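Novice: what's the 3D shape of this:
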Amino acid sequence: NLYIPLAGTGMCIPQTFYPDDGLPAAGKYLIKDGGHSGGMGVWEWDGKTSLKSSEVLQAVTDGVLASALFFADGKNALLLGITRQFAGVKELGAPGYAWSGNVAPYEDAALRETIEKAINSLTASFGLVGLNGIDFILHESVPYLIEVNPRPPASFELFESLLNINAFQMHVDACQGNLPAMLPRFESGITWGKGIVYATHDIQVGDTRTWVSDRLVDIPHAGEEIPAGAPVCTILHTAKGVDACWQRILNEAETLRKQWNL
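Specialist: From the prediction side, this is the model:
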């Protein structure tokens with residue numbers, strides 16, 4: 001069985017092999033290098049290559065990539081929200097499985113209930129504190145846990161804009177054992193998204209002062225050299241609905257790529 005139920009969470013986890021476990025006889029797997037982050041160091045396994053000490057094999061799961069952010073005090077968890085997550089998006093120049101951005105909120109009542117159960121179980125099991133995140137894949141309405149990130153995820157700024165909160169201050173409070181009693185409600189129909197633009201070839205940017213706008217952040221310094229496969233900047237957008245928001249980001253990326261030869 002390539003997928004294993006996680007007791008007490010309502011989630012499953014893809015079958016995972018570590019260097020001392022031997023290799024599976026069959027199946028489609030990804031090699032993941034623990035020395036990387038943001039989806040870097042991930043590639044398809046060829047069915048025979050042995051694992052290095054920092055690597056694991058994880059069964060490929062089809063479905064929708066998503067993430068959840070939550071505050072924890074070591075015993076209890078409070079869900080901040082769920083995002084639709086994207087990786088390896090070619091329109092953004094992303095290599096392989098590189099993290100490409102998020103759109104929030106992305107949830108319904110049933111999914112939210114399952115994720116709330118899961119994060120409380122994970123928090124109690126691992127003593128998580130502060131602002132944390134989990135990445136998962138939704139397959140036939142069942143979330144398959146990919147990883148737990150015991151740190152503030154990069155998508156938390158979307159919820160700051162959605163809810164008008166200071167998520168990092170709340171992270172500090174949660175680390176000190178203080179969870180908020182509740183969180184504000186999302187404004188109906190409004191989504192926030194961010195997309196990461198990657199360089200498809202080695203570039204040296206010019207005068208980036210002209211890049212400054214409400215929709216463009218993480219702007220490189222003028223004259224900065226950026227190698228192929230590295231992030232260049234981040235696009236922010238809003239819309240009514242996840243698909244519309246993500247399409248605006250892709251459209252903006254296409255414009256930037258042509259304008260600045262990215």
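
Novice: would you list every one of the helices in the stretch 101-250 of the chain?
Specialist: In the stretch 101-250 of the chain, the helices defined using DSSP state H, counting those that start in this stretch lie at 109-126, 156-163, 167-175, 242-260.

Novice: outside of the second one, which residues touch it?
Specialist: If I follow you right, that is helix 156-163. 69, 80-81, 83, 102-105, 131, 165-168, 171, 183-184, 186-187, 190, 192-194 (CB atoms under 8 Å, 6 or more residues apart in numbering). No exception for glycine: its C-beta is placed from N, CA and C like everyone else's.

Novice: Just name the most buried of the helices of the stretch 101-250 of the chain.
Specialist: Greatest average neighbour count among the helices of the stretch 101-250 of the chain goes to helix 156-163 (a mean of 20), per mean count of other CB atoms under 10 Å.

Novice: Which pLDDT does the model give the closest residue to residue 33 other than its chain neighbours?
Specialist: In space, and not counting its chain neighbours, residue 33 is closest to residue 41: 3.4 Å by CB to CB, 6 or more residues apart in numbering. Residue 41 carries a pLDDT value of 89.

Novice: Hmm, residue 35 and residue 41 touching each other?
Specialist: Yes: counting by CB atoms under 8 Å, residue 41 does reach residue 35; the two are 6.5 Å apart.

Novice: Of the contacts of helix 156-163, which belong to strands?
Specialist: 69, 80-81, 83, 102-104, 131, 192-194 (DSSP state E).

Novice: Any chance of a markdown table for those, columns pLDDT?
Specialist: Shown next, in a markdown table, are the ones in strands among the contacts of helix 156-163 (pLDDT from 0 to 100):
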| residue | pLDDT |
| --- | --- |
| 69 | 98 |
| 80 | 97 |
| 81 | 96 |
| 83 | 98 |
| 102 | 98 |
| 103 | 98 |
| 104 | 97 |
| 131 | 98 |
| 192 | 97 |
| 193 | 98 |
| 194 | 98 |
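
Novice: nearest to residue 142, of these?
Specialist: residue 83 (18.0 Å; CB to CB).
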